[in-house]
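Novice: I would like to see how this sequence folds:
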Amino acid sequence: MKRLISILVLTTLTVGICGSISGTVNFDGKGPKKKKLKMDADPVCGKSHQTPVYRQDFVMDDNNNLANVIVYLKNIDFKGSVTKTQVVLDQKGCVYSPHVMGVMKGQEILIKNSDATLHNIHGLPKVNTEFNFAMPKVLKEKKMTLVKSEDAFKVKCDVHPWMSAYVQVFDHPYFAVTSNDGSYKIDNIPAGTYEVVAWQEKFKDKTVAHQVTVADGNSKQNFTFVKPSKKK
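Specialist: Take a look at the predicted model:
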């Protein structure tokens with residue numbers, strides 16, 4: 001009986017073990033030339049910045065590390081509840097902040113208009129219901145949720161065509177978006193072996209994936225996107 005109790009306790013502890021995955025995402029090759037956003041069509045937008053603003057679809061630092069990459073666990077069975085933490089998508093300086101974000105299905109999203117001008121938020125999901133609504137300068141906040149998990153989809157502003165963002169909807173909380181130095185960390189992952197995927201806007205159809213085993217502690221996993229070779 002004592003041995004049976006010991007085995008049961010050991011099994012419970014093993015099941016309860018959680019760990020994390022962290023690393024960096026980089027790019028192998030010469031990145032595209034940075035392109036300035038032309039905002040002069042709306043004086044409010046043009047006056048919002050003292051320095052040039054560049055497109056956010058490929059943000060790389062001097063060490064070839066990539067920002068705005070979603071890293072997530074694929075096909076994980078999550079039985080927990082939706083987080084109560086609210087996520088924010090802001091329109092500030094006539095750009096979306098953040099440019100790339102992940103949310104859980106059913107998680108509250110707060111969309112903000114921090115500009116003194118009209119914006120129009122037009123989401124283009126294929127699984128969730130498409131949304132399209134105006135936010136004049138007097139409407140500063142609007143709340144919404146997305147109820148189905150879905151791969152990253154585009155959000156745009158019909159008033160300012162240079163504005164775009166991407167949102168991915170998950171049925172679990174095991175995801176992160178890389179910071180400006182290309183780093184990410186996903187915490188509180190149950191012990192096990194998972195397929196971990198990295199998605200970057202320029203490589204929509206060429207995600208990078210690795211098998212990673214998570215145990216007690218931190219597992220390291222880096223990702224590299226490779227510039228496609230030119231077709232002959």
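Novice: For the chain, give the strand that spans the most residues.
Specialist: strand 18-28 (DSSP state E).
Novice: so what's the residue nearest to the spatial centre of the chain bridging to?
Specialist: For the chain, the residue nearest the mean C-alpha position is Met101 (3.3 Å; C-alpha atoms, centre = their mean). Beta-bridge partners of Met101, counted by DSSP bridges, are Val167.
Novice: which parts of the longest strand of the chain are buried?
Specialist: The neighbour-count check on strand 18-28 (16 or more other C-beta atoms under 10 Å) flags 19-27 as buried. All C-beta spots, glycine's among them, are computed from the backbone N, C-alpha and C.
Novice: same thing with stretch 94-102?
Specialist: By neighbour count with 16+ other C-beta under 10 Å, stretch 94-102 contains the buried residues 94-96, 98-102.
Novice: where's stretch 200-209 relative to the chain centroid, distance-wise?
Specialist: Taking C-alpha atoms, centre = their mean, to the nearest Å, one finds stretch 200-209 lying 13 Å from the centre of the chain it belongs to.
Novice: which other residues reach that stretch?
Specialist: 25, 32, 57-58, 66, 68-70, 74, 100, 152, 166, 195-199, 223-225, 228 (C-beta atoms under 8 Å, 6 or more residues apart in numbering).
Novice: let's go with 10 Å and repeat that
Specialist: With C-beta atoms under 10 Å, 6 or more residues apart in numbering as the test, stretch 200-209 has contacts from 25, 27, 31-32, 56-59, 66-72, 74, 99-100, 151-152, 154, 164-166, 178, 195-199, 222-228.
Novice: Mind giving me the ChimeraX command for buried ones among those?
Specialist: Those of those that count as buried under 16+ other C-beta under 10 Å are selected in ChimeraX with:
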select :25,27,56,58,59,66,67,68,69,70,71,72,99,100,152,164,165,166,178,196,197,198,199,222,223,225
